[in-house]
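# no sequence on this one, just coordinates:
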């Protein structure tokens, strides 16, 4: 196979193209749809690139609306090869959200899984929709076969792709990530997590969210095989891991809890389990140490905007409640509301600087300006740092409550309640109250048959927190609502309680 990569700037595709030249028969992608070698993947990527280059302007947007499938990977990389910008649309969005985002981005093409294409409403002379499905005669396959492979990797935009926050209110915000930011993130991963055998990766969350897409691209960047899981199923993931030694598994805490419940201790071929995307409870970490004995366990803290911030070696770092120490190349600063640095051990908002940060919010210059200050990115998280350089999150600024004139950070109370073995999941929030302003309320999903009373919860909290932070009301639920990225959907839970009470 021959192709030219021309004269280009930093491009995430370069190592993938080199793998196709040096190990053409190595499997790049494995899924229920079949297997693709690096040579076959690059061939299809170049065909996608040629097809969109013939019908679009350089640096146009290319939208992808799909679950985790082989075509998602081909189109994403094909757009990058052509110098276009992939825009990632979430199949779980409503038609209103979906079409508003399409209207904002004005993509030349929309590559859509057939099951979701009907949600798209286009005006005349708008984007061309190309559908794909499990049918070999779908329009995508027909379109692909009409195009020869693009000969050269196009001179790229600085921009790699546009993803969207998984917020629970309003229209999602687009965040712009660059080639440099992800390449630096790959380097940080390899250094921090000390992965030795980069042979097999999987991440069963949606590609439209940063964690799984990042794991996919890191796998290809390192010349490994990525195993696509279209929808999370604990038994399927464990079977996949048992069939491939030295698997590197990226998962969110809710997935990890499901995996633990089905795993026989000592019977796993996982090399490393890497968690992000939500609070990983100390109870779950301890169970992981027992069940996945000998497996490297890591937790990292980051965001779509910041990429990696800090990481924790769960097996070695004895730092209860910490989100770890900063990755190499990440500068941190904890500041007060006047942008002044606070003393070590004091709580303030976390600001960071690194080459891994995002470029800004798409078409939202004012919102971009609010999160950047003198080159520092404001994370919106309250933190303190200990004498060993480990960070501790105390909460999100947007979730803060005011009760009796005093500030309460819900996550601080949640962290205490999560130490109670009987509690499987918990969310703390404020309910409007004429006396308190907001009444501290805990929603709890119990782990087994044991139930604690509100007085027992208060007593436990008062041993660890100021008394005014203890919940004054307890609500029990059978299950929580989660966002697509595995976090508790706080707004959706509040709306659910309103409906139940009415």
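Looks like it arrived, so ask away. Bear in mind that the values here come from a model prediction, so they are computed numbers and not experimental data.

# Let's test this: name the helix or strand in the protein with the lowest mean pLDDT.
Using mean pLDDT, DSSP states H and E, strand 406-408 stands out as the lowest-scoring helix or strand of the chain, at a mean of 78.

# Direction included, what does it pair up with?
strand 401-403 (antiparallel) (DSSP bridges).

# Mind listing what's buried along the strand it pairs with?
Using 16 or more other CB atoms under 10 Å as the test for burial, strand 401-403 gives 401, 403. Just so you know, the C-beta spots here come from the backbone N, C-alpha and C atoms, and that holds for glycine as well.

# what do you get for stretch 495-502?
Quick answer for stretch 495-502 (16+ other CB under 10 Å): residue 497.

# Now it: average pLDDT?
Stretch 495-502 comes out with an average pLDDT of 76.

# ok, which stretches of the stretch 351-500 of the chain are helices?
For the stretch 351-500 of the chain, the helices defined by DSSP state H, counting those that start in this stretch cover 365-371, 410-417, 454-462, 490-501.

# Of these, which stretch is the most buried?
Between these, helix 410-417 has the highest mean count of neighbours, a mean of 22, where neighbours are mean count of other CB atoms under 10 Å.

# for that helix, packing partners?
Judged by 3 or more CB pairs under 8 Å, 6 or more residues apart in numbering; DSSP states H and E, the packing partners of helix 410-417 are strand 391-396, strand 423-433, strand 437-446, helix 454-462.

# same for the helix ranked longest in the chain, what does it pack against?
Counting by DSSP state H, the longest helix found in the chain is helix 38-55. In terms of contacts (3+ CB pairs under 8 Å, 6+ apart), helix 38-55 is packed against helix 13-22, strand 27-31, helix 70-81, helix 139-145.

# can we see that at 6 Å?
Contacting helix 38-55 under the criterion 3 or more CB pairs under 6 Å, 6 or more residues apart in numbering; DSSP states H and E are the following elements: helix 13-22, helix 70-81.

# got the buried residues for the shortest one?
Read it as helix 13-22. 13, 16, 17, 19, 20.

# Among those residues, which one sits closest to residue 453?
residue 16 (56.9 Å; CB to CB).

# Do I have it right that the closest one meets residue 219?
No - with contact defined as CB atoms under 6 Å, residue 16 does not reach residue 219; the gap is 10.1 Å.

# that older thread, confidence-wise, which of the helices of the stretch 351-500 of the chain is weakest overall?
Between the helices of the stretch 351-500 of the chain, the one with the least mean pLDDT is helix 490-501; it has a mean of 82.

# chain center to it, what's the gap?
Centroid displacement of helix 490-501 relative to its chain, using CA atoms, centre = their mean, to the nearest Å, is 24 Å.

# now do stretch 453-469
33 Å.

# So which residues make contact with the least confident helix or strand of the chain?
Here strand 406-408 makes contact (CB atoms under 6 Å, 6 or more residues apart in numbering) with 400, 401, 440, 468, 469.

# ChimeraX command for the buried members of those residues?
Entered in ChimeraX, the line below selects the buried ones among the contacts of strand 406-408, by 16+ other CB under 10 Å:
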select :401,440,469
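
# Hmm, which of the contacts of strand 406-408 is lowest in pLDDT?
residue 400 (78).

# Now that one. Its backbone dihedrals?
Residue 400 adopts backbone torsions of phi -60, psi 140, taken as degrees, to the nearest 10.

# That one and residue 165, how far apart?
Using CB to CB, to the nearest Å, residue 400 is found at 19 Å from residue 165.

# Same question for residue 20.
To residue 165, residue 20 is 33 Å away according to CB to CB.

# Check residue 92 too.
When distance is defined by CB to CB, residue 92 is 13 Å away from residue 165.

# beta partners for residue 300?
Beta bridges link residue 300 to residue 311 when assigned by DSSP bridges.

# For the stretch 51-200 of the chain, which segments count as helices?
70-81, 95-105, 114-117, 139-145, 179-193.

# likewise the stretch 201-350 of the chain?
Under DSSP H, counting those that start in this stretch, the stretch 201-350 of the chain gives helices at 210-221, 234-243, 253-262, 282-291.

# do you know how far the spatially most distant residue from the centre of the chain is from residue 247?
Distance from the C-alpha centroid of the chain peaks at residue 435, with 39.4 Å (CA atoms, centre = their mean). Using CB to CB, residue 435 is found at 54 Å from residue 247.

# Then residue 434?
Here residue 434 is placed at a distance of 55 Å from residue 247 (CB to CB).

# Settle it for me: which of these two has more neighbours?
Between residue 434 and residue 247, counting by other CB atoms under 10 Å, residue 247 is the more crowded of the two (25 against 6).

# Is that one in contact with residue 270, as I believe?
Yes - with contact defined as CB under 6 Å, residue 247 counts as touching residue 270 (5.1 Å).

# Show me whatever sits in contact with both of those two.
Shared contacts of residue 247 and residue 270, defined by CB under 6 Å, 6+ apart, comprise residue 241.

# For the residue lying closest to residue 280 once chain neighbours are set aside, report the pLDDT, please.
Sequence neighbours aside, residue 253 is the residue nearest to residue 280 in space, at 4.3 Å (criterion: CB to CB, 6 or more residues apart in numbering). On pLDDT, residue 253 comes in at 85.

# what about residue 253, how many neighbours?
Residue 253 is flanked by 21 other residues according to other CB under 10 Å.

# All further residue positions should be reported with the first residue as 591.
Sure thing, new numbering starts at 591, so read that last one as residue 843.

# list the contacts for it?
Going by CB under 6 Å, 6+ apart, residue 843 touches 865, 868, 870.

# so how far is residue 642 from it?
Computed as CB to CB, the residue 843 to residue 642 distance reads 38 Å.

# Kindly report the same for residue 701.
Distance, residue 701 to residue 642, using CB to CB: 9 Å.

# just residue 795 next, same as before
From residue 795 to residue 642 the distance is 27 Å (CB to CB).

# Repeat that for residue 635.
Distance of residue 635 to residue 642, given as CB to CB: 11 Å.

# Equivalent analysis for residue 658, please.
Distance of residue 658 to residue 642, computed by CB to CB: 22 Å.

# do the same with residue 625
Going from residue 625 to residue 642 by CB to CB gives 25 Å.

# Residue 742 too?
For residue 742, the distance to residue 642 - CB to CB - is 14 Å.

# More neighbours: which of the two?
residue 642 (28 against 16).

# Is there a neighbour count for the nearest residue to residue 650 once chain neighbours are set aside? I'd like the number.
With CB to CB, 6+ apart as the measure, residue 698 is the residue that lies nearest to residue 650, at 4.2 Å, once sequence neighbours are left out. Residues lying near residue 698 (other CB under 10 Å) number 17.

# same deal with residue 935?
Here the number of neighbours of residue 935 (other CB under 10 Å) works out to 11.

# Could you do residue 899 as well?
By other CB under 10 Å, the residues close to residue 899 number 26.

# That one reaches residue 890, doesn't it?
No - the pair residue 899 / residue 890 is not scored as a contact, 7.7 Å apart, by CB under 6 Å.

# give me every residue that touches residue 748.
For residue 748, the contact set (CB under 6 Å, 6+ apart) comprises residue 768.
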